[in-house]
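*Asks:* The amino acid sequence is not available; the structure is as follows:
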């Protein structure tokens, strides 16, 4: 469980950090975020435009492979306005590199505030989303392909190839949010009462307890 | 399982019917939907404004209690632009009445395109949502209280009172979407492969098969 | 006039308090307003997310009946992000309970920035709005019914039942604004010159003076 | 009353004609409206782009003075996407020329879906709007000045100069709507019941009847 | 070159000053900008609403002719929320007066964040825009005419009349931005390398150097 | 010139095909475009949702390198809702693969309706944009890096590496538009008069004629 917890803690930290961001239309040419500002609102304060250079709009943090040596075998490297790419502030986009070990799954999740376009840099992924009619839309995509996950719908990516896979996700919000559903439900803090989860999944509460343990709850 | 399936099929029909709707700003005073139009786009065609009267903006479908005599003990009665309340077309709102039997749960779900404000008409509900850090925000609300579920985040309502409960949900999209997470994952058609769900919930595939059966998959 | 003035002053205070709010799309999971912040802009500053709990999203202020013992016999109890329900900040919704004495009228008014959905909790209301062609859309709605007032158009509610009425209004802006037309025109401060109102209503200025007195101007 | 009715009928026709229009962001370079299309929705159908020329984006209809020889002494000449300037379709703007006889008033009105910027081409106008606190913001503006009327708030223009005045209004919606408040309330069809107007304006119903006659109701 | 540089410097200052502004929907009745606030974000801080009067919404800065005695013979006088007309803050509009000497050209430029409606106050202008298919849409417009330049597309105005011309531009963003293309490409600082411009315009680098000199680069 | 014309004609065809698209918020789970519909509006008609499968959301058209054997040495392969990737309709995103021969330049251009995030798949690019103050923001980016070009501002990419380069552009509009500035100005049809271009670039008309020839005008 140690590694598993590690992976989720990392994602949790990400979410904590990016919780202050904003997505109305840009009003200025740009507004490179000042990540040191203490003001919290539906957006990020700009740094002085006179100090901005071309380097503020370039981001090199996606070059290196993320470390997939964790319990789920997936590493997400973000390029987010509120975390490490302040040049994206007010521009309505975010980006992330995803590394998948062989056989690894980026588990079913939603982005509450964005559509995602996923580009396969390397490998072969089995992907899909479920619509609000519980209809599933699977596909296998390979290097050079893209797949679109409509706004807010639950989806996943599964590395079914024989080698590690790498993908680039681009989303149309500067802070799209990531909600891993199994974690949100079975790993929430404070914990969601067993009766709720037992009814929801039509399982005994003893089974709920078992699943919760998997998520460290 | 029959009742269970019935309940989910009913929700499925709802989603199918409302799949054609739209939420940009209104441009006209109103655009009462013509539900007979064959044109499908990001919105609904208007009926002839000359035929519109006050009755088009009133909706009486929420007066009667829904029938909670089904497997989950919950009945959702929508007032949606694309289903039964065409006067809401282009106005950016939808409404639903929810009836809960004693002990019933409206299971964890998301609205991919809206925030929801829930007003308790009668009874006592244990409600909550989970944020993208897996932090849970529970509360008990009673007759006359409201609770806000932020856009896109997973949430539920549980009737913990000694009598049936009734609530009114108002959402800021004319077609917010409803995605019941357990159903979307374990009841999807075509079915999501066991390996994905086993990894996601950290359970054996045998357990996945058991849960899937609960959802008729 | 005392009671009348009291009622309008109360509404005026409400408007003053909520004058600082904002409605672009949410960027964060939530941004519970810090109503003590001195910064005024097109929105409200967030309180520290680490201090937020489920209680921030529940609002119990609508349980109690408002006091309709005033000149118009109507009491409006708001649940607004900028006034008393900071959890609604950035979520694009506001709510209000309206209590109507027997025979009371919520006079013709507009919401400059929102569509309203009105749900009748108790009683019987004669409601309607007027479109930009001066066509009137009346209806009688009773307990359990809803009516939609399109964005920005003038509308009213009149308790024509034999008992007090109660309704819940939900609007798709966190600060929709309320402009009571007779008050805005005849009770404005500084006062609108008589000649303007006389021409507008095609009445003598002596009659304008009489009506102004009704609004304390 | 004949002339008065004529003026209002003319405005009514305008509103009828423009009732089909739309204001989401443009997606194409342009979408010149095909005003012959029978399809009604939250927008206007485009004509074939291959037939579009520079002439579609020029509008000469504002050159000539409107005829102010009517009961209110005001003539509004629109340049609206849905009426006579199809090149504005999807571009989020509308325009109108207003001619004011000496002493004429464009009576208090709202634009339910837009902010207006008014430019004085000739003459001197006393203008103002009322906010949702019933505070009035008057000003005198002369040739070359502009004044901004915030979205949805009631406002008017009064020619207090010694000569006819001319102004240009530009609004940030392709179909902003115009609701003349006295007409909407006292001239609505079907008529608003006297009791409502009497209560709203704190006048006897006999006075309501007198005012209604002024609006042909 | 002195005058030319002066003209461009003036435009440059304008852009520098307005770089802090914002265009989501208004949430308040108004938010008159406090141009002394040090906070930089996707908008402008409001001044205390209690100090706001009608004068804040009137702007007299467009009455006087701009001085066209510069190298391009064109003077732009802005009425911008972030520069000199703080009442426009949050209202989604900006305005400018343009004076053109005989034979003067307002060179090809874009507004990255707005559509423009141009009204001819005096004179005769040859105007046009180019779409993304490189199709040109020219027209000659005269006193009283308007022309619409679709969002983001390159356009110009040329005074082909026998007398000075004056026009009023209204744009649907409070900070639309102005990018003069020849200046942006040949006058940028730091300078764009000759090889890029030579390839782009299919000219020798020696010619690039000549053109750059025209822009003081 | 033959190859040059070929390249531009190809881009022109692209623009013609995509001229019918739309970017308001999605209202449905999805709306896969029916590219055979004759209806033109600010969006694309949906195909029957019952016929939609996972394959509609996958796009394999970016796998193959574009043919850079043309006059500018650049090939753009789009994945656009209105052209070849109908699953992107209503989802607010578009994508393109760009192949650059050694030494090739994607010339200065704007996207009138979107911000672009560019990811380098292979090679080394010198990129930059110019803001509305004529300040230039250059950077060199290499395999794995991203760069953001703010909405509407002129920018370019230049292959300064020793091998062919490949990049992926993702833009936050389903039809962002592409306006190559040299082509738009010197290659427009009908042609822009020499006097305009001579004044704009401060060059003799003889030089304008020479540049126009380069663009086949």
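*Replies:* Arrived safely. None of these values were measured; they are calculated from a predicted model. Residues are numbered from 1 along each chain as shown, chains lettered A, B, ... in the order given.
*Asks:* which residues of chain A fall in strands?
*Replies:* Here chain A has its strands, by DSSP state E, at A:58-59, A:74-79, A:94-100, A:105-110, A:116-122, A:124-130, A:136-142, A:146-149, A:155-159, A:165-171, A:179-180.
*Asks:* Which residues does residue A:33 form beta bridges with?
*Replies:* Counting by DSSP bridges, residue A:33 forms beta bridges with residue A:46.
*Asks:* likewise residue A:170?
*Replies:* residue A:95, residue A:117.
*Asks:* where's it relative to residue F:207, distance?
*Replies:* Distance, residue A:170 to residue F:207, by C-beta to C-beta, to the nearest Å: 42 Å. The C-beta positions use only the backbone N, C-alpha and C, and glycine is treated the same way.
*Asks:* and these two? which has more neighbours close in?
*Replies:* Per other C-beta atoms under 10 Å in any protein chain shown, whichever of residue A:170 and residue F:207 has more neighbours is residue A:170, with 27 against 18.
*Asks:* what's that one in contact with, if anything?
*Replies:* Neighbouring residues of residue A:170 by C-beta atoms under 8 Å, 6 or more residues apart in numbering or on different chains: A:93-95, A:116-117, A:119, F:93, F:117, F:119, F:170.
*Asks:* can you rerun that using 6 Å?
*Replies:* If you count contacts by C-beta atoms under 6 Å, 6 or more residues apart in numbering or on different chains, residue A:170 has them with A:95, A:117, F:117, F:170.
*Asks:* from those, which is closest to chain E?
*Replies:* residue F:117 (16.6 Å; C-beta to the nearest C-beta).
*Asks:* thought the closest one was touching residue F:148?
*Replies:* Yes: Residue F:117 is in contact with residue F:148 according to C-beta atoms under 6 Å; the separation is 5.3 Å.
*Asks:* For chain A, which residue gets nearest to chain E?
*Replies:* Residue of chain A nearest chain E, by C-beta to the nearest C-beta: residue A:24 (3.5 Å).
*Asks:* I'd assumed residue C:24 was in contact with that residue.
*Replies:* Yes: between residue A:24 and residue C:24 there is a contact under C-beta under 6 Å: 3.6 Å.
*Asks:* Which residues are in contact with each of the two?
*Replies:* What both residue A:24 and residue C:24 touch, as defined by C-beta under 6 Å, 6+ apart, is the set residue E:24.
*Asks:* what about stretch A:54-69, start to end distance?
*Replies:* Using C-alpha to C-alpha, to the nearest Å, the span of stretch A:54-69 from its first residue to its last is 35 Å.
*Asks:* oh sorry, the question was meant for stretch A:188-196
*Replies:* Using C-alpha to C-alpha, the two ends of stretch A:188-196 sit 13 Å apart.
*Asks:* Quick one: check it for contact with chain C.
*Replies:* No: applying C-beta under 6 Å from any C-beta of the partner chain, one finds stretch A:188-196 out of contact with chain C, separated by at least 9.2 Å.
*Asks:* Buried ones in that stretch, by neighbour count?
*Replies:* By 16 or more other C-beta atoms under 10 Å in any protein chain shown, the buried positions in stretch A:188-196 come out as A:188, A:192-194, A:196.
*Asks:* Could you do stretch A:128-145 as well?
*Replies:* Using 16+ other C-beta under 10 Å as the test for burial, stretch A:128-145 gives A:128-141, A:143-145.
*Asks:* hmm, it touching chain B?
*Replies:* Yes: Stretch A:128-145 reaches chain B (C-beta under 6 Å from any C-beta) through A:130, A:132-134, A:136.
*Asks:* Where does the record place the domain boundaries for chain A?
*Replies:* For chain A, the structural domains run A:2-177, A:187-217, going by automatic domain parsing.
*Asks:* which of those is buried the deepest?
*Replies:* Using mean count of other C-beta atoms under 10 Å in any protein chain shown, the stretch among those with the greatest mean number of neighbours is domain A:2-177 (a mean of 22).
*Asks:* what's the distance between the residue in chain A that chain D sits nearest to and residue A:31?
*Replies:* Nearest residue of chain A to chain D: residue A:25, at 8.5 Å (C-beta to the nearest C-beta). According to C-beta to C-beta, residue A:25 and residue A:31 sit 12 Å apart.
*Asks:* ok, the most centrally placed residue in chain A - contacts?
*Replies:* Most central in chain A under C-alpha atoms, centre = their mean is residue A:178, positioned 4.3 Å from the mean C-alpha point. Residue A:178 is in contact with A:109, B:132, counting by C-beta under 6 Å, 6+ apart.
*Asks:* Same question for residue A:202.
*Replies:* For residue A:202, the contacting residues are residue B:214, by C-beta under 6 Å, 6+ apart.
*Asks:* just residue A:127 next, same as before
*Replies:* With contact taken as C-beta under 6 Å, 6+ apart, residue A:127 is in contact with A:139, A:147, A:157.
*Asks:* picking up where we left off before, residue E:174 is nearest to which of the domains of chain A?
*Replies:* domain A:2-177 (6.8 Å; C-beta to C-beta).
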